[in-house]
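My questions are about this predicted structure, shown below with the sequence.
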Amino acid sequence: MTKAIRFDKTGGPEVMKWVDVAVGEPAAGEIRIRQRAVGLNYIDVYFRTGLYPLPLPGGLGMEAAGEVSAVGEGVTALKVGDRVAYVARPPGAYAEERVLPAAQVVRVPDGLSDEQAASVMLQGLTAQYLLRRTYRVQAGDTIVIHAAAGGVGLLVCQWAKALGATVIGTVGNDEKAALAHAHGCDYPVVYTRENLAKRVREITQGAGVPVVYDSVGKDTYFASLDCLAPLGMFVSFGNASGPLPPLDSSELAGRGSLFFTRPTLFTYMSRREDYEAMSAELFEVLLSGKVKTSINQRYALADVSQAHIDLEARRTTGSTVLLP
């Protein structure tokens, strides 16, 4: 038997229980992973509360890293002892050990720790598709990233800066503003006291920006639209403050024929070749030192309820890992 977090009803952090589970031998095409670090992400809260429905009882957690402890029939690309990481569905990464299809993991290169790999699979691959595929950021662009001091935000700030972009980021307080600035955010905007759209127009001399990356949702929707230049792209990739209002296409037309997209990571990485290419580009930029992971919180996996409390209260910055 091994330990894992399970929940049988939606609700607050207290619904998560640290229980014994049976982890069998991998079937054909599968591997078993002894997990060394697990990533914490806001999507875990969405699943726990029922905003994103899951069959129950079930597990939580989308990403982890560790070593292969067993391989099933037909698995030739991996062997026992190999270091791997993944972001995968269905949720279930909050566990000491786990069986997964071999196609859902990628090798972790030398030079990256298990904690680093576990902390960037979801957030780092999200930053990759946002910056390199949804809107391909070029040198000279000015972009807006919400929650700039969060896990995805700090990665986006660094990566966009390395690409030659000017970065405007929203943060909740001066401490987070300093953190974002230290990670490449040229203009941290404290949303509790500054008007974002007005500030963006000042910075861009009235032009607006070509893209806004918004993971906050309801509270920032209209401000995000007001930041965009004509033909700009509003990228909605999260709902931390609640779901967006129903889309009124006239809001896009009246602001200059704007584009709206609601991307998801699993669409972008649905083909194995895309998953491998995205991971390779992410690992390369990390190993180059142009982008650094910011693991600012660590919790024992058994204490994940406290981790969720702190995450929802916006007391965390950067990335958080859970240690089995």
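Received it, and whenever you're ready, just let me know what you need.

okay, CA-based contacts and neighbour counts for the rest of this
Fine.

and the chain, what are its domains?
As assigned by automatic domain parsing, the chain contains the domains 2-121+284-323, 139-262.

Residue 271: which of those domains is closest?
Of all these, domain 2-121+284-323 sits nearest to residue 271, with 10.1 Å by CA to CA.

Just the C-alphas of stretch 114-131, formatted as PDB.
Included here for stretch 114-131 are C-alpha records, laid out as PDB according to Å, rounded to 0.1, in the frame of the first residue of the first chain:
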ATOM      1  CA  ASP A 114      12.800  16.800  -9.500                       C
ATOM      2  CA  GLU A 115      11.300  19.800  -7.700                       C
ATOM      3  CA  GLN A 116      12.100  22.100 -10.700                       C
ATOM      4  CA  ALA A 117      10.500  19.600 -13.100                       C
ATOM      5  CA  ALA A 118       7.400  19.100 -11.000                       C
ATOM      6  CA  SER A 119       6.900  22.800 -10.600                       C
ATOM      7  CA  VAL A 120       7.000  23.700 -14.300                       C
ATOM      8  CA  MET A 121       5.200  21.000 -16.300                       C
ATOM      9  CA  LEU A 122       1.800  22.600 -16.100                       C
ATOM     10  CA  GLN A 123       2.900  26.200 -15.500                       C
ATOM     11  CA  GLY A 124       5.900  26.100 -17.800                       C
ATOM     12  CA  LEU A 125       4.200  24.400 -20.700                       C
ATOM     13  CA  THR A 126       1.400  26.900 -20.300                       C
ATOM     14  CA  ALA A 127       3.900  29.700 -20.600                       C
ATOM     15  CA  GLN A 128       5.300  28.000 -23.600                       C
ATOM     16  CA  TYR A 129       2.100  27.800 -25.600                       C
ATOM     17  CA  LEU A 130       1.000  31.300 -24.500                       C
ATOM     18  CA  LEU A 131       4.200  32.900 -25.700                       C
END
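
avg pLDDT for it?
Across stretch 114-131, the average pLDDT comes to 96.

Please name the nearest non-neighbouring residue to whatever residue is furthest in space from the centre of the chain.
Most distant residue from the mean C-alpha position of the chain: residue 73, 32.5 Å away (CA atoms, centre = their mean). Nearest residue to residue 73 in three dimensions, chain neighbours excluded: residue 28, at 4.4 Å (CA to CA, 6 or more residues apart in numbering).

That neighbour against residue 76, yeah?
No: counting by CA atoms under 8 Å, residue 28 stays clear of residue 76, with 10.9 Å between them.

So for those two, which sits in the more crowded spot?
Counting neighbours by other CA atoms under 10 Å for residue 28 and for residue 76 shows that residue 28 has the greater number, 13 against 10.

Let's verify the more buried one: helix, strand, or coil?
Under the three-state scheme (DSSP: H, G, I helix; E, B strand; the rest coil), residue 28 adopts coil.

Relative to residue 92, how far out is it?
Going from residue 28 to residue 92 by CA to CA, to the nearest Å gives 20 Å.

Please apply the same query to residue 33.
The separation that residue 33 has from residue 92, given CA to CA, amounts to 12 Å.

Need the residues touching each of those two.
Residues touching both residue 33 and residue 92 by CA atoms under 8 Å, 6 or more residues apart in numbering: residue 98.

Between these two, tell me which one has more neighbours.
More neighbours surround residue 33 than the other of residue 33 and residue 92, with 28 against 21 (other CA under 10 Å).

Any idea what the more buried one is bridged to?
Note on residue 33: beta-bridge partners by DSSP bridges are residue 68, residue 98.

on that earlier part again, quick one, which of the domains of the chain is nearest to residue 274?
domain 2-121+284-323 (11.7 Å).

residues in contact with the residue farthest from the centre of the chain?
Counted by CA under 8 Å, 6+ apart, residue 73 has contacts 27, 28, 29, 30.

And the pLDDT at it?
Confidence score, pLDDT, at residue 73: 97.

if I look at it, how far off is residue 82?
On the measure of CA to CA, residue 73 and residue 82 end up 16 Å apart.

pretty sure residue 192 contacts residue 172?
Yes: counting by CA under 8 Å, residue 192 does reach residue 172; the two are 6.3 Å apart.

mind checking how far residue 308 is from residue 6?
14 Å.

got it, and residue 75?
29 Å.

Looking at the two, which is more packed in?
The residue with more neighbours, out of residue 75 and residue 6, is residue 6; 21 against 16, by other CA under 10 Å.

in the sheet, who's paired with that one?
residue 17.

per-residue confidence at it?
For residue 6, pLDDT reads 98.

quick one: contacts for it?
16, 17, 18, 19, 57, 58, 59, 60.

you'd agree the last one is up against residue 48?
Just to be clear, that refers to residue 60. Yes: between residue 60 and residue 48 there is a contact under CA under 8 Å: 7.4 Å.

so how many other residues sit close to the spatially closest residue to residue 292 that is not a sequence neighbour?
In space, and not counting its chain neighbours, residue 292 is closest to residue 286: 5.9 Å by CA to CA, 6+ apart. Other residues lying near residue 286 total 21 when counted by other CA under 10 Å.
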